[in-house]
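Asks: Here is a sequence with its predicted model. Questions after.
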Amino acid sequence: MNKKMLLTNKELHQIVERIVEQVEGDYYKISPEEYRQLMELGSYHGKAITKMKRFGGKPLWITGDLNLDSTPTDSLGNIGYVEGNLNISRTKVSTIGDTKVKGYVSDYGSPRERIREKKERDDKLAQLEVLRDNNEWALEQGDETGEKAHALFQWLENNGEIEPLSDEDKEKLVILRQKLEDLNKEYDETEDEDKVVELLNDIDNTQEEIDELEENNVDVYMMYPQQRYSHYGLQQFEVLIDGFKDQEYTVGTEEEMDDAALKYAESYIDDIGVDGFNESFIEDYLDVDAIVNMAEEDYEYQIRDYPEGYFSDDDFELTEEQERRIEELESQIADLEQEQNELDTDREDYDELYEDFQNHIDALQEELDNIEVDTEPTEDMIDNKVAEYVRDVRRDPLEYLKNLGLPIKEYIDEDELAKGLVASDGWGIMNSYDGQYDSQEVNGVTYYIMRTN
């Protein structure tokens, strides 16, 4: 239990002396630590502290984050501005009044949180009341959001999480409310003391019956569709029924679930990167085109720079022009040899003619012997050889990466990986609450429902 502390004049003087009046505007500037010390000495009554005569009624300017978490503070008093964040969690503060806060206000577990949440809930219920009055979610209207709200409501009912009133109980509730109104009226008008006790008992019993029925007086217009937020594109609902605080659900068609799961997978991969996956899983999602393009450039360079490593003698052939010239030379040599053999040995110039033929034959044979295959690969040969190796890479890109010792995770097709993640884990991957989902049919359409928190 917190003990009350009384300030002595000396203590108060020492603390107040450290407070410096702010030059801009009618504020007193004070540090969070000094304010906390004042609050502690003043038993955490903010109004009492900030009404000290020394401040002259001027609001205080807190120069940084003010943390009052878990203190018995019941009021901030006359604080005009907090130059940072304000934490009043687990205090008794119900309102911060006109206090302006530069940062954010944390009020978890405080009366202010309960008041704020009740107002927010009442505002949402008021919005839904307009829909109810206009009957906008009647199933015959065919409103998509309405159908999804019905799907969620029916699913909650089928799973025993809510028990809506029967028509008979609804009629009974109307009768009881009217009865209570009549009893209160009779109580206000009676002057019979004996009757008063009887009426009070009847009022209490009737109110008790009403309260019991109203606990289950729920309908589809308590499924609040979030306007600003969605769950990866899925319609998100907040259930405004007692006992469902902070519970949110998504409802979507099969196509919407597919799209949402893919968006989740893409976001997940963006957040953790491919390093967050086992290599054995991502091997099936290599970016084959990127690997093939890299291999094509690599082989193009290597084959041109070191052709002897890729071509053997068998890969080279004579050109068509060389083939034709060989045929011409062999034919001419054969003709000359025949003519040479047919020379008349009795001719006086036989030796001279024979030598002329031989010289001519030798010259042609020398030209023939000098015709060789060109071992410089042609453009077509290089292109064909590159294509041959690239075909192998396309057939087994993983083997190519491993042979070169390249990191597999740098060559992943993230779009395909996202699709694979959905195919592997299903829609449950986007449900961090329990990984589950269920279905409910409304107006012939199957809707899928997930609780997300």
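Replies: Okay, I see it.
Asks: just checking, next helix/strand downstream of the helix or strand of the chain with the lowest mean pLDDT?
Replies: For the chain, counting by mean pLDDT, DSSP states H and E, strand 20-21 ranks last in confidence among helices and strands (a mean of 41). For strand 20-21, the succeeding helix or strand toward the C-terminus, using DSSP states H and E, is strand 28-30.
Asks: That next one: how far from the chain's middle?
Replies: 44 Å (Cα atoms, centre = their mean, to the nearest Å).
Asks: for it, packing partners?
Replies: In terms of contacts (3 or more Cβ pairs under 8 Å, 6 or more residues apart in numbering; DSSP states H and E), strand 28-30 is packed against strand 20-21, strand 60-62. Heads up, the C-betas are built off the backbone N, CA and C, glycines and all.
Asks: Please enumerate the helices of the stretch 301-450 of the chain.
Replies: Using DSSP state H, counting those that start in this stretch, the helices of the stretch 301-450 of the chain run over residues 320-341, 350-369, 379-395, 397-404, 414-425.
Asks: nearest to Gly109, of those?
Replies: Between Gly109 and the helices of the stretch 301-450 of the chain, the tightest spacing by Cβ to Cβ is seen for helix 414-425, at 36.6 Å.
Asks: contact partners of the closest one?
Replies: 258, 261-262, 265-266, 268-269, 274, 277, 281-282, 284-285, 287, 429 (Cβ atoms under 8 Å, 6 or more residues apart in numbering).
Asks: ok, now which ones touch Ile79?
Replies: Counting by Cβ under 8 Å, 6+ apart, Ile79 has contacts Tyr35, Gly46, Thr50, Pro59, Leu60, Ile62, Leu66, Ile96, Thr99.
Asks: any idea which residue sits dead centre in the chain?
Replies: Here the mean C-alpha position of the chain is nearest to the C-alpha of Ser267 (Cα atoms, centre = their mean), at a distance of 4.0 Å.
Asks: mind checking which helix or strand that residue is in?
Replies: Assigned by DSSP H and E, Ser267 falls within helix 254-272.
Asks: Distance check, Tyr35 against Lys47.
Replies: According to Cβ to Cβ, to the nearest Å, Tyr35 and Lys47 sit 13 Å apart.
Asks: Neighbour count: the two, which is higher?
Replies: Tyr35 (25 against 12; other Cβ atoms under 10 Å).
Asks: Where does the prediction get shaky in this protein?
Replies: The model of the chain has pLDDT under 70 over residues 1-25, 51-54, 56.
Asks: Please parse it into its domains.
Replies: Domains of the chain are assigned by automatic domain parsing as 9-109, 318-372.
Asks: can those go into JSON lines with extra columns for distance to Glu308?
Replies: Formatted as JSON lines, the domains of the chain follow (distance: least, Cβ to Cβ, whole Å):
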{"stretch": "domain 9-109", "distance to Glu308": "71"}
{"stretch": "domain 318-372", "distance to Glu308": "16"}
